[in-house]
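Student: could you look at this predicted model? Sequence included:
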Amino acid sequence: MPRQIRFNAFMMNCVAHLAPGQWTAPDDRSVDYLDTSYWVELAKVLEEGLFDGLFLGDVIGLYDEYGGSPATALRTAAQVPMNDPAVLIPLMAHATRHLGFGLTVSVAYEQPYLLARRFTTLDHLSGGRVAWNVVTSYLQSGARSLGQDALRAHDARYDRADEFMSVCYQLWEGSWEAGAVLRDRERGIYADPARVHAVQHEGAHFRVDGVFQCEPSPQRTPLLFQAGGSTRGTQFAARHAECIFLGAPTRNGLRAAAAQARAALRDAGRAPDSARLFAMLTVIVDETAERAQARYEACRARASYEGALALLSGWTGIDLARYRPEDTLQYVDTDAGQSALASFSKLDPDKVWTVRDAVEFVAIGGRGAVIVGDARQVADELQALVEDTGIDGFNLAWVESPRTFHDIVRYLVPELQRRGAYKTRYEPGTLREKLLGGGAQLEAPHVGASYRV
């Protein structure tokens, strides 16, 4: 039996996510991101294609590392303007029955109590279809915008994140016991006070003393995603993540990243297959290979390489305006996203990247590979990637919106289904049950389950 491949759509609430310049195409609807119908129609297309979820990225701040100014990002719409993704979820959840929603929220600028309440509310309103992509932020401009002098040091952000997670687990898992909600109309008792407990936490970063306001949602703790590729980020993912998001531009790099994630899970006392691994990828598929290649060439012609420079400079914390196009990208520790620079410098030692190489690559699809062809060719490549690297699925970025996803649903999904490599129906239950196959809530040995009363 072929391995089952899973799909998430990877988007942001903005004009240009990982393909700056493509919004200029005549039939692209990216500029309609302010229209509710744009998101509702997209969610329906994804559910028709049996996508597991819509993975909503987010970032706080503007990409102003390149040239020391946000001008390039603003001119090219490189992840700016960008709106809050959380408010989109109730709209799309109401229009669908099974599609999950992954929401990126940074622990750098939040209080655990308020974040926990927001996710519990979304999990209730979606019927248990919400995931949290836990990030620690990487833009200095975001830190300044939120009143900090500078971004916290890279590893210190993860130390704070570990405590943040502990507080959230206490709120989600430990404040309300199972059976605390009675809804007894005859006696007029909604909840049993004896089974509801105050969370009392005093730590290095957070202090909480109070009962969680929300009754438990279907999943209690949302399904947990994490995308950190640094040594400290990988340790954090191994402790907390149920799904791990990998970004690597080459197959060798993806294989190495997947092996690192599985080894980290084992070192953390978890089974190596206890977390699903999703790789960043962009697919351009059409009825024929020739038509797909023609579309790809048109996308290359529209690509904004200035926008790609702004993105890559922000991801790495390095002002690429100071480098020549032919200079080699070399790894250095920064307080930005260390995994981005590692993917172009040390994750695949067989590949040497110049600045020009990396920028041309990033211009379509970010740090993930781009696969172009007809349905048969793309399916062959996806199956080979899954078999070779041991990943479970893909977070699929868009080039033309919503055409990228329409074409995947129209051409690629049926081909994978014919091969027995893609589901033909949704499983029942919450997003956690659909993706992991267990129960609706965290289960041991996941650290979060240990906080349950």
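Tutor: Noted; the coordinates are in hand. Numbering: from 1, shown residues only.
Student: what's around Q22, how many residues?
Tutor: Close neighbours of Q22, defined as other C-beta atoms under 10 Å, add up to 26. From N, CA and C alone the C-beta is placed, and that goes for glycine too.
Student: nope, C168 is what I was after
Tutor: Other residues lying near C168 total 28 when counted by other C-beta under 10 Å.
Student: so it is in which element?
Tutor: Assignment of secondary structure by DSSP states H and E places C168 within helix 154-169.
Student: for that helix, give the mean pLDDT please.
Tutor: When pLDDT is averaged over helix 154-169, the result is 96.
Student: elements contacting the next helix or strand after it?
Tutor: Following the chain from helix 154-169 toward its C-terminal end, the next helix or strand by DSSP H and E is strand 181-184. Here strand 181-184 touches strand 189-191, going by 3 or more C-beta pairs under 8 Å, 6 or more residues apart in numbering; DSSP states H and E.
Student: so what secondary structure elements neighbour the strand it packs on?
Tutor: Strand 189-191 makes packing contacts with strand 181-184 when contacts are defined by 3+ C-beta pairs under 8 Å, 6+ apart.
Student: thinking again about what came up before, same for the helix holding C168, what does it pack against?
Tutor: Packing partners of helix 154-169 (3+ C-beta pairs under 8 Å, 6+ apart): helix 112-126, strand 198-202, helix 231-240.
Student: pick the most buried one from those.
Tutor: Among the helices and strands packed on helix 154-169, ranked by average contacts under mean count of other C-beta atoms under 10 Å, first place goes to helix 231-240 (a mean of 22).
Student: helices or strands up against that helix?
Tutor: With contacts defined as 3+ C-beta pairs under 8 Å, 6+ apart, the packing partners of helix 231-240 are helix 154-169, strand 223-226, helix 251-267.
Student: let me see the mean pLDDT of it.
Tutor: For helix 231-240, the mean pLDDT works out to 94.
Student: how about it as CSV, C-alpha atoms only?
Tutor: This file holds the C-alpha atoms of helix 231-240, laid out as CSV (Å, rounded to 0.1, in the frame of the first residue of the first chain):
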residue,chain,number,x,y,z
THR,A,231,18.8,23.4,17.7
ARG,A,232,16.8,25.1,20.4
GLY,A,233,13.7,25.2,18.2
THR,A,234,14.0,21.5,17.4
GLN,A,235,14.1,20.7,21.1
PHE,A,236,11.0,22.8,21.7
ALA,A,237,9.2,21.1,18.9
ALA,A,238,10.2,17.6,20.3
ARG,A,239,8.7,18.5,23.6
HIS,A,240,5.4,20.2,22.5
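Student: list the buried residues for whichever helix or strand comes after it?
Tutor: In the C-terminal direction, the helix or strand that comes right after helix 231-240 (DSSP H and E) is strand 243-246. Applying a neighbour-count criterion of 16 or more other C-beta atoms under 10 Å, the buried positions in strand 243-246 are C243, I244, F245, L246.
Student: give me the nearest residue to the third one, chain neighbours excluded.
Tutor: This means F245. Spatial nearest neighbour of F245, chain neighbours left out: A227 (3.8 Å); criterion: C-beta to C-beta, 6 or more residues apart in numbering.
Student: hey, where'd the strands end up in the stretch 1-150 of the chain?
Tutor: 6-12, 53-57, 100-106, 130-135 (DSSP state E, counting those that start in this stretch).
Student: can I get the ones you listed in CSV with mean pLDDT?
Tutor: Supplementary listing: the strands of the stretch 1-150 of the chain in CSV, determined by pLDDT from 0 to 100:
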stretch, mean pLDDT
strand 6-12, 98
strand 53-57, 98
strand 100-106, 97
strand 130-135, 98
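Student: of all those, which one is nearest D162?
Tutor: Each of the strands of the stretch 1-150 of the chain was scored for nearness to D162 using C-beta to C-beta, and the closest is strand 130-135 (10.4 Å).
Student: list the strands paired with that closest one, with their directions.
Tutor: Neighbouring strands of strand 130-135 in its sheet, by DSSP bridges, are strand 100-106 (parallel), strand 223-226 (parallel).
Student: mind checking how far the shortest one is from the chain centre?
Tutor: To tie it back to what came earlier, the one meant is strand 223-226. On the basis of C-alpha atoms, centre = their mean, to the nearest Å, strand 223-226 sits 8 Å off its chain's mean C-alpha point.
Student: how about the helices and strands packed on helix 154-169 in TSV, adding distance to Y323?
Tutor: Putting the helices and strands packed on helix 154-169 into TSV (distance: least, C-beta to C-beta, whole Å) gives the following:
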stretch	distance to Y323
helix 112-126	38
strand 198-202	45
helix 231-240	25
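Student: figure out which of these is closest to A440.
Tutor: Nearest to A440 among these is helix 112-126; the distance by C-beta to C-beta comes to 10.2 Å.
Student: the residue nearest to F245 touches Y138, doesn't it?
Tutor: No. With contact defined as C-beta atoms under 8 Å, A227 does not count as touching Y138 (10.9 Å).
Student: tell me how far Q140 lies from P70.
Tutor: Per C-beta to C-beta, to the nearest Å, Q140 is found 12 Å from P70.
Student: report the set of residues contacting both of the two.
Tutor: Overlap between the contact sets of Q140 and P70, as judged by C-beta atoms under 8 Å, 6 or more residues apart in numbering, is given by D64.
Student: now the buried residues of strand 243-246 as TSV including pLDDT and distance to P20?
Tutor: What follows is the buried residues of strand 243-246, written out as TSV (pLDDT from 0 to 100; distance: C-beta to C-beta, whole Å):
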residue	pLDDT	distance to P20
C243	98	27
I244	97	26
F245	95	21
L246	95	22
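Student: can you lay out those residues as CSV showing distance to V283?
Tutor: Putting the buried residues of strand 243-246 into CSV (distance: C-beta to C-beta, whole Å) gives the following:
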residue, distance to V283
C243, 20
I244, 21
F245, 17
L246, 16
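Student: what's the most distant pair in those?
Tutor: Spatial extent of the buried residues of strand 243-246 (C-beta to C-beta) is set by the pair C243 and L246 at 10.4 Å.
Student: could I get the strands of the stretch 1-150 of the chain as TSV with distance to V208 and mean neighbour count?
Tutor: Listed next are the strands of the stretch 1-150 of the chain as TSV, based on distance: least, C-beta to C-beta, whole Å; neighbours: other C-beta atoms under 10 Å:
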stretch	distance to V208	mean neighbour count
strand 6-12	31	25
strand 53-57	27	26
strand 100-106	18	24
strand 130-135	18	26
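Student: distance to A257 added to the ones you listed, as a markdown table?
Tutor: As requested, the strands of the stretch 1-150 of the chain are arranged in a markdown table below (distance: least, C-beta to C-beta, whole Å):
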| stretch | distance to A257 |
| --- | --- |
| strand 6-12 | 16 |
| strand 53-57 | 17 |
| strand 100-106 | 19 |
| strand 130-135 | 17 |
